[in-house]
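Q: this is a predicted model, with the sequence first.
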Amino acid sequence: MSAKPVVLVLHGPSGVGKDTVIDRLRERTGIHRATSSTSRPPRPGEADGNHYHFYSREEFERRRDAGEFAESAIVYGDWKGLERREIEEPLKRGQDVIIRTDVQGARTWRKKLDGAVFVFLVAKDRATLRARLEARGSEDPESLARRLAEVEAELADLDNNHYVVFNEEGQVEAAVDALVNIIESERRNPSRPQPRLRE
């Protein structure tokens, strides 16, 4: 039986360490991280094709009208979305794909992506998440309150995922080990449909 490539949709509360886990997973497995596109200009330190694909508003809308996006929306006044090629091209090569998203994005992908594997990344408790958010030092009180409200929305979606992976403080490798095991298991799961974007 040939192994099928896997599309992992990873989401979880702010402060849980999604980017750190994904970076380490990419180092170990070569999984393709689906890079989103945006119509906003790059911020200091952001590189085109790494953090986002940066387009002018006109170019973004041209690509969107041409059907090149699997999903897109206006977020804080700018377009943001994920192009179909970010999923379809790696799958054609037999390469696994990971999509980093939030709870709203996970709900969207459940409707748009057949055969995807949904993974919820979470810390042990809310206090840990709050401490991580506060330690960032990048949130004003209003933003922190909004992030913490988002944590509750994420946690309410926990049961709608195929797997739950814990990312404990100082235990990143254990979380990555769990994701590697999920990928290896799902590549050989005969009941999982071949990943496919719906038209």
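A: Happy to help now that I have it.
Q: what's the pLDDT at S37?
A: Looking at S37, its pLDDT reads 97.
Q: correct me, but it touches Y55?
A: Yes. Between S37 and Y55 there is a contact at 6.0 Å, judged by Cβ atoms under 8 Å. In short, each C-beta sits where N, CA and C put it, glycine included.
Q: more crowded one of those two?
A: Taking other Cβ atoms under 10 Å, S37 and Y55 do not tie; S37 has more neighbours (23 against 20).
Q: so that one versus R62, what's the distance?
A: 12 Å (Cβ to Cβ, to the nearest Å).
Q: next one: A47
A: Distance from A47 to R62, by Cβ to Cβ: 23 Å.
Q: which one of those two has more residues nearby?
A: Ranked by neighbour count (other Cβ under 10 Å), A47 and R62 place R62 first, with 12 against 9.
Q: show me what the strand or helix carrying the more buried one packs onto, helices and strands only.
A: R62 belongs to helix 57-65 when assigned by DSSP states H and E. Applying 3 or more Cβ pairs under 8 Å, 6 or more residues apart in numbering; DSSP states H and E, we find helix 57-65 packed against strand 37-38, strand 69-75, strand 78-83.
Q: at 7 Å instead, please
A: In terms of contacts (3 or more Cβ pairs under 7 Å, 6 or more residues apart in numbering; DSSP states H and E), helix 57-65 is packed against strand 78-83.
Q: the inter-axis angle of the strand it packs on versus helix 57-65?
A: Computed by axes from the mean of the first three to the mean of the last three Cα atoms, to 10 degrees, the angle separating strand 78-83 from helix 57-65 equals 40 degrees.
Q: can you give me the buried ones in strand 78-83?
A: Neighbour counts over strand 78-83 (16 or more other Cβ atoms under 10 Å) mark W79, K80, G81, L82, E83 as buried.
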